[in-house]
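1. From the sequence below, what's the structure:
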Amino acid sequence: MEAGGTSVLASCLQLLAWTPEQLAREINRKCGPGTISPKAPYNWLKGALPRRRLPHIVATILSERLGEPITVGALWPDHFPATARQARPSIVPAQRGPAADPAPPEPPTPDLSLPDPLPAAVDWLLGDDAAPPTRSLGAEIPPEALEILTARIRQLRLLDDSSHGGLVMDWALQDLRWARKMATDYAYPVSTGIRLHRIIAELAQLAGWLAADLGLERRSRSCFLTALEAARTAGDHSLAAYVISCMSYRATWSGRGEEALRLIRIARKGSAGEEPGITQALLATRQARAHAGLGDEAGCRRALEEAAELSQAGGPPADAPWAYWLSPAVMVADAGRAWLEIGRPRQAEWHLQRGIELLGDSQPRNRLLHCASLAEARLGRGEVDGAAEAAGDALDLTDTVTSLRATARLSELRGRFLRFDSPAARRIVQRTDDLLRADRPQEEDSPRAAS
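-> Okay, the predicted model is just below:
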């Protein structure tokens, strides 16, 4: 069918060598048999808008298969003008005249060698509990070694709060190697083995989170999977669910909405027997973010209501030292980000402003990200001066924060300020330009912008 042959959707299908029926099969494979009819995409090529969450699902599928972000705004600009980051993705070939090269460029493909977190998460949910960790060969692990590692984890987390991300990641990876060597080369009873594997899980989670923040995708995934395996070996359901929630959050940053939602649902189901409290509220908030990324306002709202109720049940449990950073401030500000992503800037502004106030001088990286989100919410309401004030607060924190995610958020915010002709907007654009010129790329696998 020729209708809509020059649209972004048609160009993406051409690059993938897919028929509209193939796209329908991919949607039904991801969402369940019978979600759409095989002929439905033909109507989309003519300009029709898919129902409910389908625009976001189509964008996710195409992004994953082409290896480049494809937004719903690029696919259906008449219906999602505010979300169109670019008129046409760079992978879409330009129109060529008769004298031009007749062959389109080869489409980029996703890196299939990256470890997939979903099978490991499903296996944790459905599999049997791991055998008690014990080892009879080798020298006995001295209790002092575990005390040193436990203290080191606390120190590294506090150092990360001061935003020395790359340094902390390298340090955590070094200690992780040491802890894993103890697990494979030394002798220990079950009680020591459980404690050791919790330490391994915490170190790997910390390194994975920092790698994600620095845009090191391969290292991040590998560390998270190591953390999940160790938490499962230790029989710590709460820690394992937290690790899976981190993988979900990372998928949300990268625009892999369906993957993010599946992962966080697994985390919540696997920890359903845990006591209600702020750690469960964190999972609910991250589910809200996954729903928001898919444009599912009803699901986002339900998850935020659950998070608010769970937050009232108490703070982090004593046996979850990894949850030390969780507080009402974090929950409120994260809810604001979810409201922003679902297109509710008024609710987002209230939650973000309240969360930033409650954070005070703590967690500079989170404050930077939330200030950038507050600026975005105010721009959504046309409050340019207030948005510039919030963006200025975010930029003030860049001297102490090393984060690819933060840099990407500020770069995206700069593009939003470019739409406004005012002295305040121009000052933010200039300050952001100065920051980006001074920025240096990380050395490792290609990072993707995150939000």
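2. Please state the offset of stretch 146-153 from the chain centre?
-> The gap between where stretch 146-153 is centred and where its chain is centred comes out at 28 Å by C-alpha atoms, centre = their mean, to the nearest Å.
3. Just the C-alpha atoms of that stretch, please, in PDB.
-> Extracted C-alpha coordinates of stretch 146-153, given in PDB (Å, rounded to 0.1, in the frame of the first residue of the first chain):
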ATOM      1  CA  LEU A 146      32.900  -9.000  56.400                       C
ATOM      2  CA  GLU A 147      32.900  -6.100  58.900                       C
ATOM      3  CA  ILE A 148      35.400  -4.200  56.700                       C
ATOM      4  CA  LEU A 149      33.200  -4.700  53.600                       C
ATOM      5  CA  THR A 150      30.000  -3.700  55.400                       C
ATOM      6  CA  ALA A 151      31.700  -0.500  56.700                       C
ATOM      7  CA  ARG A 152      33.100   0.100  53.200                       C
ATOM      8  CA  ILE A 153      29.600  -0.100  51.600                       C
END
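4. What is the longest helix anywhere in the chain packed up against?
-> Longest helix in the chain, counting residues (DSSP state H): helix 190-213. Applying 3 or more C-beta pairs under 8 Å, 6 or more residues apart in numbering; DSSP states H and E, we find helix 190-213 packed against helix 143-161, helix 165-185, helix 217-234, helix 237-253, helix 404-417. Bear in mind the C-beta positions are built from the backbone N, C-alpha and C, glycine included.
5. who's in contact with the helix or strand immediately after the last one in the chain?
-> The reference is to helix 404-417. Downstream of helix 404-417, the first helix or strand assigned by DSSP states H and E is helix 423-438. Outside helix 423-438, the residues that touch it by C-beta atoms under 8 Å, 6 or more residues apart in numbering are 375, 384-385, 387-388, 391-392, 395, 398, 407, 410-411, 413-414, 417-418.
6. which of these lies closest to D123?
-> T407 (35.2 Å; C-beta to C-beta).
7. Now for the contacts of helix 423-438: which two are most distant?
-> Greatest spatial distance in those: D385 and T407, 24.1 Å, computed using C-beta to C-beta.
8. out of the contacts of helix 423-438, which are buried?
-> The neighbour-count test (16 or more other C-beta atoms under 10 Å) marks 375, 384, 387-388, 391, 395, 398, 407, 410, 413-414, 417 as buried among these.
9. I'd like those residues as a markdown table, with pLDDT and distance to L146 appended.
-> Output for the buried ones among the contacts of helix 423-438, formatted as a markdown table (pLDDT from 0 to 100; distance: C-beta to C-beta, whole Å):
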| residue | pLDDT | distance to L146 |
| --- | --- | --- |
| A375 | 96 | 45 |
| V384 | 95 | 54 |
| A387 | 95 | 49 |
| A388 | 96 | 50 |
| A391 | 95 | 45 |
| L395 | 93 | 42 |
| T398 | 85 | 38 |
| T407 | 82 | 37 |
| L410 | 89 | 41 |
| L413 | 91 | 44 |
| R414 | 90 | 47 |
| F417 | 92 | 50 |
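10. Same list (the residues you listed) but as CSV, adding distance to I266.
-> CSV is the format used below for the buried ones among the contacts of helix 423-438 (distance: C-beta to C-beta, whole Å):
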residue, distance to I266
A375, 34
V384, 42
A387, 37
A388, 41
A391, 36
L395, 38
T398, 35
T407, 31
L410, 32
L413, 33
R414, 36
F417, 39
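11. now the chain, which segments are flagged as low pLDDT?
-> The chain contains residues with pLDDT under 70 at 1-6, 32-33, 67-69, 78-114, 162-164, 402, 438-451.
12. if I look at the most centrally placed residue in the chain, how far off is A406?
-> The centroid of the chain falls nearest to R250 when counting by C-alpha atoms, centre = their mean (2.5 Å). Note on R250: its distance to A406, by C-beta to C-beta, to the nearest Å, is 15 Å.
13. before we move on, the earlier item: just the buried residues of the longest helix of the chain, please?
-> 192-213.
14. now the residue nearest to P276 when sequence neighbours are not counted, what's its secondary structure?
-> With C-beta to C-beta, 6 or more residues apart in numbering as the criterion, P276 has its nearest non-adjacent residue at 4.0 Å, and that residue is A313. Three-state call for A313 (DSSP: H, G, I helix; E, B strand; the rest coil): coil.
15. and A313, what does it touch?
-> 275-278, 280-281 are the contacts of A313 under C-beta under 8 Å, 6+ apart.
16. which of these has the most neighbours?
-> Comparing those by number of neighbours (other C-beta atoms under 10 Å), A281 comes first, having 26 neighbours.
17. Check whether it really touches L310, as I assumed.
-> Yes. Contact status for A281 versus L310: in contact at 3.8 Å, counting by C-beta atoms under 8 Å.
18. can you count the residues close to D433?
-> D433, neighbours per other C-beta under 10 Å, totals 12.
19. can you check Q22 too?
-> Counted with other C-beta under 10 Å, Q22 comes out at 14.
20. helix, strand or coil for it?
-> Here Q22 is recorded as helix under three-state DSSP.
21. residue contacts, it?
-> By C-beta under 8 Å, 6+ apart, the residues touching Q22 are 13, 16.
22. how close does it sit to R52?
-> 21 Å.
23. what's the spacing between P38 and G295?
-> For P38, the distance to G295 - C-beta to C-beta - is 24 Å.
24. go on, D421?
-> Distance from D421 to G295, by C-beta to C-beta: 31 Å.
25. do W322 as well
-> For W322 relative to G295 (C-beta to C-beta), the value is 31 Å.
26. cool, L196 as well?
-> 43 Å.
27. Please apply the same query to N28.
-> Taking C-beta to C-beta, one finds N28 at 19 Å from G295.
28. try Y324
-> From Y324 to G295 the distance is 34 Å (C-beta to C-beta).
29. So these two - more neighbours on which side?
-> Using other C-beta under 10 Å, the more surrounded residue of Y324 and G295 is G295, with 22 against 13.
30. pretty sure the more buried one is in a helix, no?
-> No. In this structure, G295 is coil, not part of a helix, as judged by three-state DSSP.
31. Hmm, it is touching V72, no?
-> Yes. Counting by C-beta under 8 Å, G295 touches V72, with 7.4 Å between them.
32. Mind listing the shared neighbours of these two?
-> Common neighbours of G295 and V72 (C-beta under 8 Å, 6+ apart) are 55-56.
33. Pretty sure V401 sits in a strand.
-> No. Looking at V401 with three-state DSSP, it is coil, so not inside a strand.
34. Around it, count how many other residues there are.
-> V401, neighbours per other C-beta under 10 Å, totals 21.
35. what does the one 5 residues further on give?
-> Here the number of neighbours of A406 (other C-beta under 10 Å) works out to 24.
36. Can you give me every residue that contacts it?
-> A406 sits in contact with 365, 368-369, 372, 394, 398, where contact means C-beta under 8 Å, 6+ apart.
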